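Chemist: From the sequence below, what's the structure:
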Amino acid sequence: MARYTGPKSKIARKFKEPIFGPDKALEKKNYPPGQHGLAKKRAKQSEYAVQLQEKQKAKYTYGVLEKQFAGTFDKAARAKGITGEVLLQLMESRLDNVVYRMGIAPSRSAARQLVGHKHITVNGELVNISSYSLKPGDVIGIREKSRSMETIVNSLAGASNKYSWLDFDAKSFSGTFIQRPERQQIPENIKEQLIVELYSK
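Modeler: Here you go, the predicted structure:
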C-alpha cells in the first residue's frame, strides 16, 4: 500500500500536535511550516477548512490514504451506532494499530512494517495485511522466529499494558483483542464529528 513518506515534523507542525510521537521541531517551531507559517497562525479558517484539517489529521495519525479512509467511513456510516465513534473504532481495530497499542512496535509505521514482513500472527495464522480488521476475541501473536528481533525486544521492554480493551502477555508473546474500544478509551485528539460533517456535505 502507498503511504506518506515525507517529513513527519512538517505534518506535526501543520496540525500543531505530535501525531507521530514526541517531536523537537514542534516544540521549537510551534507554528505551521512554510514561508507564511507565522501569518497562517493568525488567519481565520473557514468551517470547511477546519473539517478538512480534522480529516487529514485522522488520516496521518492512523497512516491511511484517502481512498482507504473514505472506504472506512462508508463502512462506519452503514453500521449501527454513532458514525464518528464507529469510524474511530474501525481505525483502532486495524491490525497495525493494535500491534502498536500492545507495545510490540514503537510506532504505527513500525507496526505496519512488522505486519507486512510476516512477523505477526492472528489466531495462530500469519497475517501480512496492515488493514486487517480484528474481531473481539482474536489473539495476536509474534511469530516464534521474530521474537528476538531488536525492534520488538526494545519496544516490549518499554511497553505497559495501558488499554483495558487489549490484553498482552509478554511471556507468551501474545495478546487478545478483547473488544472494540469506547470513545473515551481512545486517547487520540480527533474531533470525529467534524469528519462526519465534512463527508455529509
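Chemist: got the domain boundaries for this protein?
Modeler: Following the assignment in automatic domain parsing, the chain carries domains at 8-90+187-199, 94-179.
Chemist: Please work out the average pLDDT along the longest one.
Modeler: If I follow you right, that is domain 8-90+187-199. Averaged over domain 8-90+187-199, pLDDT sits at 80.
Chemist: got the contact list for stretch 166-185?
Modeler: With contacts defined as CB atoms under 8 Å, 6 or more residues apart in numbering, stretch 166-185 is touched by 85, 88-89, 92-93, 98, 101-104, 134-142, 147, 156, 159, 161, 163-165, 192. Quick note: C-beta positions are derived from backbone N, CA and C, even for glycine.
Chemist: show me where the chain has strands.
Modeler: 120-122, 125-126, 139-142, 166-169, 174-177 (DSSP state E).
Chemist: Which one of those lies nearest to residue 186?
Modeler: Shortest distance between residue 186 and the strands of the chain, using CB to CB, is found for strand 166-169: 12.0 Å.
Chemist: so what's the residue nearest to residue 131 when sequence neighbours are not counted bridging to?
Modeler: If the residues on either side of it in the chain are set aside, residue 131 comes closest to residue 94, at 5.5 Å by CB to CB, 6 or more residues apart in numbering. Note on residue 94: beta-bridge partners by DSSP bridges are residue 133.
Chemist: who are the neighbours in contact with residue 94?
Modeler: Contacts for residue 94 (CB under 8 Å, 6+ apart) come out as 62, 130-134.
Chemist: Neighbours of the residue nearest to residue 143 when sequence neighbours are not counted, how many?
Modeler: Leaving out its chain neighbours, the residue that sits closest to residue 143 by CB to CB, 6+ apart is residue 119, at 5.3 Å. By other CB atoms under 10 Å, 23 other residues sit near residue 119.
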